[in-house]
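Participant: sequence unknown, structure follows:
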Ligand code: SF4
């Protein structure tokens with residue numbers, strides 16, 4: 001990955017393509033690359049949908065190599081949802097293919113005159129940008145069907161659906177999986193709206209004829225990779241829980257802990273949780289045939305394989321196995337206990353190109369406002385349809401929970417920096433509350449997944465209901481996560497590397513053997529800190545201050561059942577998270 005591709009959408013005479021050497025971005029990859037480019041090149045106060053914003057797509061440091069589970073893709077920009085810096089992370093095939101094609105980043109710049117759409121085709125022969133108005137108004141599935149028919153079934157596609165074309169703040173960017181289905185998403189922060197604003201409907205990546213990226217030290221790389229994979233298989237979460245039940249194995253765990261946000265974060269336990277749990281999902285999938293609960297990877301080279309396939313009542317493919325966050329967002333958070341309804345909503349989100357967390361939280365707020373009853377699955381489907389159709393109500397909902405709450409005068413809206421909270425109530429998982437409050441991304445569980453030590457006993461144990469120890473826990477996880485997001489590794493490796501020092505050492509050795517540069521644990525920490533520093537500085541220049549690193553007041557004032565607990569980490573403590 002020795003080059004950067006820039007596509008300037010307002011170049012004279014149509015989109016301009018340039019390829020350049022890495023220059024000062026050498027050594028950057030994944031989130032380190034996206035955040036560095038945004039921090040250096042995007043004016044912090046620009047309009048997120050204007051010509052000055054840039055959309056940066058970057059594979060991880062190890063993507064395109066033989067390193068296990070290294071195919072995560074980072075997408076960065078100034079977020080239309082939060083107004084701050086954004087890195088949204090996706091699985092799917094694109095990172096591996098981009099890596100083999102040799103691109104460390106694709107940067108979409110400028111804004112086209114008029115409302116024409118374009119597609120970018122990248123293969124071993126080079127790059128072309130072509131009109132794509134025939135794809136206008138199509139969902140991700142129909143878009144990818146057309147692209148697959150034209151460019152073959154082996155290409156990886158990065159696309160937007162109707163929500164991205166309409167530049168909604170909840171719009172995601174879809175990435176095709178191994179079966180060329182657009183069901184992996186860079187979901188958060190409205191990155192799809194920025195791609196839509198650039199007038200790019202699709203990027204087609206074809207690595208035919210390209211080789212896997214070679215490591216600097218093949219023998220050491222092979223040995224480190226073997227030890228790393230063995231460590232992932234040995235750990236009970238990455239070796240057993242995730243492969244058997246997917247991420248939805250968490251529903252029963254979080255619900256039993258009283259931390260499962262229910263009916264727009266009004267309660268901490270959902271009476272219908274067992275019906276939508278990972279165990280129930282696996283049983284349903286087994287009953288419907290196909291591959292049942294057999295594990296499935298979102299990209300080639302994943303050895304955890306936490307995913308699966310959801311078939312409808314007639315045994316036809318409907319969507320990928322909905323993940324825990326999606327099942328919660330469209331399930332318990334809306335009082336819905338029907339897996340078929342949840343899977344249908346997941347499919348609609350993937351097709352329209354919407355962040356499932358933001359949409360579930362938004363529908364929860366809409367239900368709180370009285371637009372529908374909690375538990376009414378058909379109403380949730382109708383509301384989501386409005387978003388895809390771009391009706392006036394749909395445009396409100398498609399701009400997320402904060403906008404919807406504002407329009408309908410809902411007082412209690414679960415957002416930080418205008419981004420919806422995911423599936424853990426911060427009152428009963430106080431460490432994740434610190435992450436929600438202080439992350440550069442807005443409320444984001446993946447930015448510092450304190451659920452590990454708070455609820456799962458991974459990487460130590462910190463009482464989830466008390467404020468003590470949460471700042472340090474979140475700080476360390478935010479630093480480690482930023483570094484992992486630069487490698488292309490899936491975040492789920494964290495379970496094994498937090499608990500098993502030999503697996504962490506194998507990862508460090510793997511990176512070092514690949515790059516040929518010495519690497520230590522301290523270097524990993526330094527990398528994470530430098531990424532966060534870039535992001536914090538961008539946000540500060542965009543107008544963020546300590547007052548934005550807070551949860552909404554009601555989390556401090558309203559006790560959550562069943563523990564009758566409030567968020568008790570003080571503002572002063574929150575302000576120390578980035579003191580290192
Ligand atoms: S563990 Fe799951 S999310 Fe992570 S790379 Fe594998 S399939 Fe994708």
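Facilitator: Yep, that arrived. Only a predicted model underlies this, so the values are computations on that prediction, with no experimental measurement involved.

Participant: wait, isn't residue 156 in contact with residue 202?
Facilitator: No: with contact defined as C-beta atoms under 8 Å, residue 156 and residue 202 do not form a contacting pair (10.8 Å). To be clear about C-beta, it is placed using only N, CA and C from the backbone, and glycine gets the same treatment.

Participant: how about the residues of the stretch 301-450 of the chain near the ligand?
Facilitator: 302, 304-307 (C-beta under 6 Å from any ligand atom).

Participant: How about the stretch 451-580 of the chain?
Facilitator: Applying C-beta under 6 Å from any ligand atom, we find that the stretch 451-580 of the chain lies next to the ligand at 490, 492.

Participant: By proximity to the ligand, which residue of the stretch 451-580 of the chain wins?
Facilitator: residue 490 (3.2 Å; C-beta to the nearest ligand atom).

Participant: Contact partners for that residue?
Facilitator: 69, 71-72, 91, 302, 304 (C-beta atoms under 8 Å, 6 or more residues apart in numbering).

Participant: If you rank those by neighbours, which is first?
Facilitator: residue 71 (34 neighbours; other C-beta atoms under 10 Å).

Participant: Pick out the residue nearest the middle of the chain.
Facilitator: In the chain, the C-alpha nearest the mean C-alpha coordinate belongs to residue 89, at 4.1 Å (C-alpha atoms, centre = their mean).

Participant: coming back round to it: using a markdown table, lay out the contacts of residue 490 together with pLDDT and secondary structure.
Facilitator: Formatted as a markdown table, the contacts of residue 490 follow (pLDDT from 0 to 100; DSSP: H, G, I helix; E, B strand; the rest coil):
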| residue | pLDDT | secondary structure |
| --- | --- | --- |
| 69 | 96 | coil |
| 71 | 96 | coil |
| 72 | 96 | coil |
| 91 | 96 | coil |
| 302 | 93 | coil |
| 304 | 92 | coil |
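
Participant: Any chance of TSV for those, columns distance to residue 40?
Facilitator: Shown next, in TSV, are the contacts of residue 490 (distance: C-beta to C-beta, whole Å):
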residue	distance to residue 40
69	30
71	26
72	23
91	27
302	32
304	34
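
Participant: what is the rounded mean pLDDT of stretch 51-62?
Facilitator: Averaged over stretch 51-62, pLDDT sits at 98.

Participant: oh sorry, the question was meant for stretch 310-319
Facilitator: Mean predicted confidence for stretch 310-319 is 92.

Participant: Residues in contact with it: which ones?
Facilitator: Taking C-beta under 8 Å, 6+ apart as the rule, stretch 310-319 contacts 181, 183, 281, 285, 288-290, 309, 320-322, 340, 343-344, 346-347, 350.

Participant: Return the subset of these lying in helices.
Facilitator: Among these, the ones falling in helices (DSSP state H) are 281, 285, 340, 343-344, 346-347, 350.

Participant: Out of the residues you listed, which end up buried?
Facilitator: In these, burial by neighbour count holds for 281, 285, 343-344, 346-347, 350, counting by 16 or more other C-beta atoms under 10 Å.

Participant: could you pull out the helices for the stretch 251-400 of the chain?
Facilitator: 278-287, 324-330, 339-352, 356-368, 377-389, 392-397, 400-407 (DSSP state H, counting those that start in this stretch).

Participant: Using a markdown table, lay out those helices together with mean pLDDT.
Facilitator: A markdown table is the format used below for the helices of the stretch 251-400 of the chain (pLDDT from 0 to 100):
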| stretch | mean pLDDT |
| --- | --- |
| helix 278-287 | 89 |
| helix 324-330 | 98 |
| helix 339-352 | 98 |
| helix 356-368 | 98 |
| helix 377-389 | 98 |
| helix 392-397 | 98 |
| helix 400-407 | 98 |
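
Participant: As CSV, those helices with distance to residue 245 would be great.
Facilitator: Listed next are the helices of the stretch 251-400 of the chain as CSV, based on distance: least, C-beta to C-beta, whole Å:
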stretch, distance to residue 245
helix 278-287, 3
helix 324-330, 10
helix 339-352, 13
helix 356-368, 18
helix 377-389, 23
helix 392-397, 31
helix 400-407, 28
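
Participant: and of those, who's closest to residue 298?
Facilitator: helix 339-352 (12.6 Å; C-beta to C-beta).

Participant: elements contacting the longest helix seen in the chain?
Facilitator: Longest helix of the chain, by residue count under DSSP H: helix 521-542. Contacts defined by 3 or more C-beta pairs under 8 Å, 6 or more residues apart in numbering; DSSP states H and E place helix 521-542 against helix 30-41, strand 85-90, helix 470-487, helix 501-515.

Participant: between these, which gets nearest to residue 165?
Facilitator: strand 85-90 (17.8 Å).

Participant: Now do the closest one: everything it contacts.
Facilitator: Against strand 85-90 from outside (C-beta under 8 Å, 6+ apart): 31, 34-35, 38-39, 72-79, 172-173, 175, 184-191, 440-441, 446, 485, 491, 534-535, 538-539, 542.

Participant: rerun that using 7 Å as the cut-off
Facilitator: 31, 34-35, 38-39, 72-79, 175, 184-189, 191, 440-441, 446, 485, 535, 538-539 (C-beta atoms under 7 Å, 6 or more residues apart in numbering).

Participant: Spell out which residues of the stretch 51-200 of the chain are next to the ligand.
Facilitator: Going by C-beta under 6 Å from any ligand atom, the residues of the stretch 51-200 of the chain near the ligand are 69, 91.
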